[in-house]
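Asker: Model the structure of this input:
(one chain, ligands or ions: 1)
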Amino acid sequence: MTGRVAGKKAFITGAAQGLGQAAAQALAAEGAKVTLADINHDGVKAAAAAINAEHGEGTAFALPLDVTREDQWIYALEEADAAMGGISVLLNNAGVSRGGDIEQLSYEDWKFVMSVNVDSVFLGTKHALKYMRHAQPGSIINISSIAGLIAAHNSPAYNASKAAVWLLSKGIALHCAKQGLDIRSNSIHPTFVDTPILDPLRQRFGKEEAESKLARQVPLGRIGAPSDIANAVLYLASDESRFMTGAELKLDGGISAM
Ligand SMILES: NC(=O)c1ccc[n+]([C@@H]2O[C@H](COP(=O)([O-])OP(=O)(O)OC[C@H]3O[C@@H](n4cnc5c(N)ncnc54)[C@H](O)[C@@H]3O)[C@@H](O)[C@H]2O)c1
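Answerer: Numbers count the residues shown, from 1 in each chain. I've put the predicted structure just below:
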C-alpha cells in the first residue's frame, strides 16, 4: 500500500457531504481506510460506496451516528474498530450553525449548536482514545472555524462553540502528551467553504450574489473549496505532522491577517 496516509484508519463524522465527505475521499485516495459516520445514514452509505467503487471494497465503511449521543458513539467506534482493524485518526467534523444575535437566538438553538459542535468532540475523543492508544501514531483533527477565533455580531452560539473546540483541542493535545501517547490533537479553522452549509445564504441572496458577498470578505477574493480543507486534513492525519500538536491551522484566505 502506498500513499501519504497508507495504513491509517480514520473515523470521520459528518461525512455524508461537504468537508467530511471530501476529507474521506482524500484520505482514501492516499491509502487510508475510512469510516464515514453521519446522522444521515443513507448519505454516508452512498459516499462510502462511491469510495469503494474507486479504491476497492473494504476501503470505506458507513455507520449511523448522532454525535450528540454517547451511546451511539460507543457503538459506532466499536464497529469501526472492528471493521478497519483499529482507529488511528479521528476527524471531528460534524457541525451546525444557527443564526440570530444574542437577543434573538433561542435557548434551544444555543443548546443545539453547543451540543452538535462541542459535545461531539468531547464524546468522540473520550471514547476513541481507548482504541487510538492501540494504533499509534495517531491524530485527532477537530474542525473548528475562523469563527472560533474571530467573533461576529450575529453568531453567538457558533462563535462560542467553535472557540470551545479550539481550546478543547489543545487540552486534548496536552492530555495525550502527558500520558506519553503518540497521539496529536489539532484544530482546523476554515473560513467560508463551498459546501451545503452555505445553502441558507444561497437561498436568501441567490447563489452568485451570496458567494460573491462572502468572497468580498476574503483577502484572496474567493471562498474555499472542500479540497483546500481536505489537504490540511491529509497533512494532519499523516506522519508528516508528527511534531505538531495543540496547534491550529487557519485556512481563511487571509481574513485573520487583517
Ligand atoms: N463550509 C464552511 O463554510 C465552513 C467554514 C468553517 C467551518 N466549517 C465547519 O466544517 C464542518 C463541516 O461543515 P460542512 O460545510 O461540510 O457542512 P455540511 O452542512 O455540508 O455537512 C455537515 C454534515 O454533518 C452532519 N451532521 C449534522 N448534525 C449531525 C449530528 N448530530 N450527528 C452526526 N452528523 C451530523 C450532516 O448530516 C452533514 O452531513 C462543520 O463543523 C462546520 O462548522 C464549515
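Asker: Now do the SS call for Gln104.
Answerer: What DSSP: H, G, I helix; E, B strand; the rest coil gives for Gln104 is coil.
Asker: Number of residues surrounding it?
Answerer: Using other Cβ atoms under 10 Å, Gln104 is surrounded by 10 other residues. Bear in mind the C-beta positions are built from the backbone N, C-alpha and C, glycine included.
Asker: Could you do Glu211 as well?
Answerer: Residues near Glu211, counting by other Cβ under 10 Å, number 18.
Asker: Would you check that it makes contact with Ile223?
Answerer: Yes. Using Cβ atoms under 8 Å, Glu211 makes contact with Ile223 at a distance of 6.0 Å.
Asker: Now do the shared contacts for the two.
Answerer: Both Glu211 and Ile223 are contacted by Asp194, Leu198, under the criterion Cβ atoms under 8 Å, 6 or more residues apart in numbering.
Asker: Against His153, how distant is the residue sitting furthest away from the middle of the chain?
Answerer: The centre of the chain is farthest from one residue, Glu103, which by Cα atoms, centre = their mean lies 29.1 Å away. Applying Cβ to Cβ, to the nearest Å, the value for Glu103 to His153 is 11 Å.
Asker: Now name the helix or strand holding His159.
Answerer: Small correction: residue 159 is Asn, not His. In the assignment (DSSP states H and E), Asn159 maps to helix 156-178.
Asker: Is any residue of that helix near the ligand?
Answerer: No. Judged by Cβ under 6 Å from any ligand atom, helix 156-178 and the ligand are separated, with a smallest distance of 6.8 Å.
Asker: Show me the strands in the chain, by range?
Answerer: Along the chain, the segments classed as strands by DSSP state E run 9-13, 33-38, 60-64, 89-92, 138-143, 183-190, 248-251.
Asker: any idea how far the spatially most central residue of the chain is from Ala215?
Answerer: Most central in the chain under Cα atoms, centre = their mean is Asn93, positioned 2.0 Å from the mean C-alpha point. Here the criterion is Cβ to Cβ. By it, Asn93 lies 23 Å from Ala215.
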